[in-house]
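> Sharing a model prediction with you, sequence too.
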Amino acid sequence: MNDILFRIGRCVEFGKIDKASPYPPDMKGQEGADELTRQALDNGIKPDEILENGLIPAMALVGDKFSRKEIYVPQMLMAARAMNSSMKHLKPFFQSGETKRKGKFIIGTVSGDLHDIGKNLVSMMIEGGGWEVIDLGVDVGTDKFMKAIDENPDAVVGLSALLTTTMENMKKTVAAIKEKHSELKILVGGAPVTSEYCEKIGADFYSPDPQGAVNYLKQLIS
Ligand code: B1M
């Protein structure tokens with residue numbers, strides 16, 4: 001693997017945000033995800049390559065270590081911060097789609113769920129695909145989704161869930177939306193979500209990744 005991508009991955013894996021960050025102690029004084037991502041872009045490495053080959057595999061390692069109880073929540077949080085410090089450089093590239101908006105897309109992580117890295121990636125890519133994105137954030141209850149839909153009745157809605165426990169809230173929100181707005185299209189995603197689950201809860205489409213979400217929206221208006 002490209003050396004700089006490997007180094008970015010290590011920064012995410014071990015939560016090294018930037019050079020000034022004292023954490024982790026054994027990487028003190030070294031460049032972090034922030035500086036290395038800037039350098040990678042300056043060296044001509046494509047943003048999607050940094051994402052696919054540096055950031056996402058590193059986050060997968062973090063998740064595996066957490067599952068094996070080799071790390072705990074604070075380390076996961078530092079990894080997330082390091083990932084965000086890298087993503088802030090990638091964001092403008094993913095968002096530089098056409099200026100003319102193709103439609104509106106409301107997105108949020110469902111109630112009880114604070115994970116937002118995947119949701120933010122989906123938002124960025126969809127925005128880059130030319131849609132106006134209304135990002136409701138994390139821990140979004142049904143009422144907040146309904147209010148946003150009432151204000152933007154022509155929007156497509158996207159729900160993200162990262163916890164098996166919050167998949168149940170996704171189901172409740174989908175049911176409430178469909179009851180009031182049966183024609184409105186709902187896209188769901190997040191690590192524990194599957195196409196079978198999507199079908200079971202009455203959502204319209206499941207995408208395992210941001211590109212699938214972009215493609216789904218594209219075919220809705222074609
Ligand atoms: Co949490 N966490 N976490 N966590 N966390 C997971 C999800 C977990 C799998 C780790 C593990 O055990 N291996 C596990 C869930 C287990 C389960 O339910 N089956 C877990 C747990 C248990 C928890 C806590 C309960 C831990 C605790 O407190 N004891 C707690 C819950 C807090 C809460 O939400 N109420 C918790 C907390 C946290 C942090 C706050 C520390 C932090 C989140 C920080 C943040 O998001 N700002 C965190 C992190 C970082 C993770 C892992 C390590 C990484 C998640 C991530 O960002 N992945 C994660 C393990 C893992 O996933 N490997 C884990 C990278 C991201 C790019 O992928 O989000 O899957 P992902 O998004 C993908 C796709 O899923 C898809 O596109 C993205 C790009 O490909 N996608 C969509 C996502 N949303 C989509 C929507 C779409 C379409 C596609 O359409 C609308």
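Received it, and whenever you're ready, just let me know what you need.
> where does this protein dip in pLDDT?
Residue ranges of the chain with pLDDT under 70: 1, 97-101, 128.
> what's the following helix or strand after the helix or strand containing Ser123?
Using DSSP states H and E, the element containing Ser123 is helix 117-128. Beyond helix 117-128 on the C-terminal side, the first helix or strand identified by DSSP H and E is strand 132-135.
> interface residues of this protein facing the ligand?
56, 59-60, 62-63, 66-67, 73, 76-77, 79-80, 107, 112-119, 121-122, 158-160, 162-165, 187-192, 207, 209-210, 213 (CB under 6 Å from any ligand atom). Every residue, glycine included, has its C-beta placed from N, CA and C.
> Just to be sure, which of the residues you listed are found in helices?
56, 59-60, 62-63, 66-67, 73, 76-77, 79-80, 117-119, 121-122, 210, 213 (DSSP state H).
> Would you write a ChimeraX line that selects the buried entries of those residues?
Remark: buried members of these, expressed as a ChimeraX selection using 16 or more other CB atoms under 10 Å:
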select :56,59,62,76,79,80,117,118,119,121,122,210,213
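> Tally up the residues packed near Glu196, please.
9 (other CB atoms under 10 Å).
> try Ala58
24.
> tell me, what residue is most central in the protein?
For the chain, Gly118 is the residue whose C-alpha lies nearest the centre (CA atoms, centre = their mean; 1.7 Å).
> Verify the stated contact: that residue with Ala191.
Yes: shown here, Gly118 and Ala191 form a contact pair, counting by CB atoms under 8 Å, at 7.3 Å.
> can you list residues touching both of these two?
Counting by CB atoms under 8 Å, 6 or more residues apart in numbering, the residues touching both Gly118 and Ala191 are Leu162.
> ok, and what's touching stretch 207-218?
Residues outside stretch 207-218 that contact it (CB under 8 Å, 6+ apart): 102-103, 105, 121-122, 124-126, 128-129, 131, 156, 158, 187, 189, 205.
> Of the residues you listed, keep whichever come out buried.
Counted by 16+ other CB under 10 Å, the contacts of stretch 207-218 give 102, 105, 121-122, 124-126, 128-129, 131, 156, 158, 187, 189, 205 as buried.
> and of those, the nearest to Arg10?
Distance to Arg10, by CB to CB, is smallest for Leu121 among these, at 20.3 Å.
> ok, and the closest non-adjacent residue to the closest one?
Pro210 (5.1 Å; CB to CB, 6 or more residues apart in numbering).
> Tell me the one of the buried ones among the contacts of stretch 207-218 nearest Val140?
For the buried ones among the contacts of stretch 207-218, the nearest to Val140 is Gly158 (10.8 Å; CB to CB).
> Excluding residues flanking it in the chain, which one is nearest that closest one?
Ile107 (4.1 Å).
> Okay, and the beta partners of the one you found?
Under DSSP bridges, the beta-bridge partners of Ile107 are Asp135, Gly158.
> any idea how far it is from Asp116?
According to CB to CB, to the nearest Å, Ile107 stands 10 Å off from Asp116.
> which residues do these two both contact?
Common neighbours of Ile107 and Asp116 (CB under 8 Å, 6+ apart) are Ser160.
> Between these two, tell me which one has more neighbours.
Ile107 (28 against 19).
> Could you double-check that the more buried one lies in contact with Asp135?
Yes: Ile107 lies in contact with Asp135 (CB under 8 Å); the separation is 5.5 Å.
> between those two, what contacts are shared?
119, 123.
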